[in-house]
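J.: Okay, here's the prediction I keep looking at, along with the sequence it came from:
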Amino acid sequence: MNEQAIQHLLDHVNSINEKYDGIAKITGEKFNIFSILRKENEEVGLHSRFIGELLNPKGIHGQGVIFLTLFTETLGINQYQENQLCNAQVIIEEYIGKKQDDKPNGGRIDIVVKPVNGGKKILIENKIDATDQPQQLIRYCNHYPDSHIFYLSPYGKLPSDLSVGKEREQRHLVHGTDFQCISYRDNIKKWLESCLKETTNFPLLRETLQQYIYLIKKLTNQATNKKMEKEIFGMITKNATNFESANTIAGNFESAKNELLETFWIEVKAQLENKLNLSKNEIFYTPPKISDRCPALFINTKIENAWVGIQPLNGKEYNPNYNRLFIGICDKNNKFKDNDNNHYLPEWRICKNFEYQNAKLDFDNIDTLKLILPDSKNREDIKKVIVEFAEDYVNDPEVVSKYFADNI
């Protein structure tokens with residue numbers, strides 16, 4: 001592969017990005033109410049709630065059954081009559097009973113649509129960042145055996161074997177038969193764009209939908225402007241060289257992010273060892289691979305079992321509410337079981353988010369990753385902030401002992 005050809009394509013795409021970034025600033029396109037009021041990847045509080053409200057025929061959008069009808073058409077479940085959908089009930093986070101270790105029952109379903117007059121129920125499991133729970137889809141299927149089950153993720157990935165029951169010697173669910181995978185990138189965006197066409201005479205509703213579509217495109221790394229999208233598509237498909245270069249870039253992007261994170265945190269670890277005079281037994285480090293959950297850096301203190309912890313180093317926690325980088329004091333040897341995700345986690349006594357220039361750091365976010373690129377003026381400053389933050393905890397035994405009173 002010609003490196004010059006790859007650089008040529010990157011330069012052209014970058015110039016397109018800069019042009020439309022300037023247009024977005026002038027038009028106010030980047031001012032997004034969803035991004036301001038909620039975390040962009042918040043599954044329940046933002047995405048499930050908003051999608052559920054649109055699906056509700058009695059929702060405050062005032063459009064009746066039309067959005068729900070368009071949803072069923074988009075997903076190819078066209079067997080519903082209007083009288084089955086117009087009085088449908090939509091429930092967010094429906095509680096279906098207590099989960100039991102010995103039986104695949106219970107839990108909460110993200111979105112449930114209950115048509116009337118014999119219409120099949122529609123169940124949506126919304127997965128943006130959260131990990132699958134044991135027998136999750138099986139539990140939902142057992143509760144509503146005759147229903148349409150959709151597993152929604154940013155790009156339409158398959159659920160884990162853990163969720164569909166393949167890890168146990170029992171019946172497991174089959175994709176395409178028992179459930180369908182759908183994506184924000186394709187299915188939800190297509191549905192929202194069809195909804196948008198129905199809101200010509202409702203400017204506030206139309207603008208809200210447009211902002212949510214913008215957010216979906218941002219979350220799934222798509223061009224947020226149609227003209228920009230066409231220009232990038234045109235550049236990639238202009239000739240065989242560009243097409244091959246784009247394929248090479250796409251195939252190496254995740255590895256490049258891994259390398260960026262790995263080198264950054266190795267440098268942070270080295271600075272901590274030097275500044276705090278730590279031996280190899282006093283610092284524990286998990287390399288931050290993009291696909292892993294909860295990579296961390298732990299520093300031993302002078303108090304038994306008390307460690308200063310920094311995580312997640314790649315922006316991916318077992319609990320998606322804690323994806324932003326935080327530091328805290330934990331009992332590393334006293335682990336508890338997170339029953340929702342079937343993992344053993346350290347018991348945190350106190351934790352606090354890192355902040356840099358009044359913003360929290362999420363190392364799964366492209367804007368945070370840009371700050372630690374080798375040519376970024378912010379890279380060294382962020383390392384300094386992290387090291388000083390950790391140093392304050394390690395060198396203040398009063399703070400540590402406050403949360404480990406029994407060990408003094």
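T.: Looks like it arrived, so ask away.
J.: does residue 103 have beta-bridge partners, and which?
T.: Per DSSP bridges, residues listed as beta-bridge partners of residue 103: residue 100.
J.: ok, now the one 10 residues further on?
T.: Note on residue 113: beta-bridge partners by DSSP bridges are residue 90, residue 122.
J.: What distance do you get for it to residue 372?
T.: Taken as Cβ to Cβ, to the nearest Å, the spacing of residue 113 relative to residue 372 amounts to 43 Å. Backbone N, C-alpha and C define where each C-beta goes, glycine included.
J.: after the top helix by length along the chain, next one along is what?
T.: Scanning the chain for the helix with the most residues, using DSSP state H, yields helix 240-276. Using DSSP states H and E, the helix or strand that follows helix 240-276 towards the C-terminus is strand 283-285.
J.: If you count neighbours, what's buried in that next one?
T.: Of the residues in strand 283-285, those scored as buried under the neighbour-count criterion (16 or more other Cβ atoms under 10 Å) are 283, 285.
J.: How about stretch 115-133?
T.: By neighbour count, with 16+ other Cβ under 10 Å as the criterion, the buried positions of stretch 115-133 are 115, 119-133.
J.: List the ones among those residues that fall in strands.
T.: Among the buried residues of stretch 115-133, the members found in strands (DSSP state E) are 121-126.
J.: about what we covered before: which one of the buried residues of stretch 115-133 sits closest to residue 143?
T.: For residue 143, the nearest member of the buried residues of stretch 115-133 is residue 123. The distance, counting by Cβ to Cβ, is 8.8 Å.
J.: In contact with that closest one, which residues are there?
T.: In this structure, residue 123 makes contact with 109, 111-113, 140, 144, 147-150, judged by Cβ atoms under 8 Å, 6 or more residues apart in numbering.
J.: Those residues in helices, which ones?
T.: In helices, judged by DSSP H, the following of the contacts of residue 123 are found: residue 140.
J.: Pull out the buried members of the contacts of residue 123.
T.: Looking at the contacts of residue 123 with 16+ other Cβ under 10 Å, the buried ones turn out to be 109, 111-113, 140, 144, 147-150.
J.: before we move on, the earlier item: quick one: the ones in strands among the buried residues of stretch 115-133 as CSV, columns for distance to residue 305 too.
T.: Written out in CSV, the entries for those read as follows (distance: Cβ to Cβ, whole Å):
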residue, distance to residue 305
121, 48
122, 48
123, 43
124, 42
125, 38
126, 37
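J.: Go ahead and flag the most central residue of the protein.
T.: Within the chain, the residue whose C-alpha comes closest to the C-alpha centroid is residue 129; the distance, by Cα atoms, centre = their mean, is 3.3 Å.
J.: so how far is residue 193 from that one?
T.: The span separating residue 129 from residue 193 equals 24 Å under the rule Cβ to Cβ.
J.: can you give me the strands in this protein?
T.: When secondary structure is read from DSSP E, the chain shows strands at 89-95, 108-114, 121-126, 147-153, 180-183, 283-285, 297-300, 306-311, 326-338, 343-353, 355-356, 359-360.
J.: Buried deepest among these, which one?
T.: Among the strands of the chain, judged by mean count of other Cβ atoms under 10 Å, the one packed with the most neighbours on average is strand 306-311 (a mean of 24).
J.: That one packs against which elements?
T.: Strand 306-311 makes packing contacts with strand 297-300, strand 326-338, strand 343-353, helix 379-394, helix 397-402 when contacts are defined by 3 or more Cβ pairs under 8 Å, 6 or more residues apart in numbering; DSSP states H and E.
J.: Could you list the low-pLDDT ranges of the stretch 301-408 of the chain?
T.: Across the stretch 301-408 of the chain, the ranges flagged by pLDDT under 70 are 317-323, 332-347, 397-408.
J.: cutoff 80 now
T.: Counting by pLDDT under 80, the ranges of the stretch 301-408 of the chain that qualify are 302-305, 314-324, 331-353, 355, 358-360, 392-408.
J.: Stretch 118-125 - what's its average pLDDT?
T.: Over the span of stretch 118-125, the pLDDT mean works out to 92.
J.: how close does the spatially closest residue to residue 198 that is not a sequence neighbour sit to residue 371?
T.: Nearest non-adjacent residue to residue 198, counting by Cβ to Cβ, 6 or more residues apart in numbering: residue 66, 5.7 Å away. Separation of residue 66 from residue 371 (Cβ to Cβ) stands at 43 Å.
J.: Then residue 331?
T.: According to Cβ to Cβ, residue 331 and residue 371 sit 32 Å apart.
J.: ok, residue 190 - contacts?
T.: Residues in contact with residue 190 (Cβ under 8 Å, 6+ apart) are residue 74.
J.: Mind pulling up the pLDDT for it?
T.: Reading off the confidence values, residue 190 has pLDDT 96.
J.: Distance check, it against residue 216.
T.: To residue 216, residue 190 is 10 Å away according to Cβ to Cβ.
J.: can you list the domain ranges for the protein.
T.: The chain resolves into domains spanning 30-224, 256-407 when parsed by automatic domain parsing.
J.: I am finished for the moment; much appreciated.
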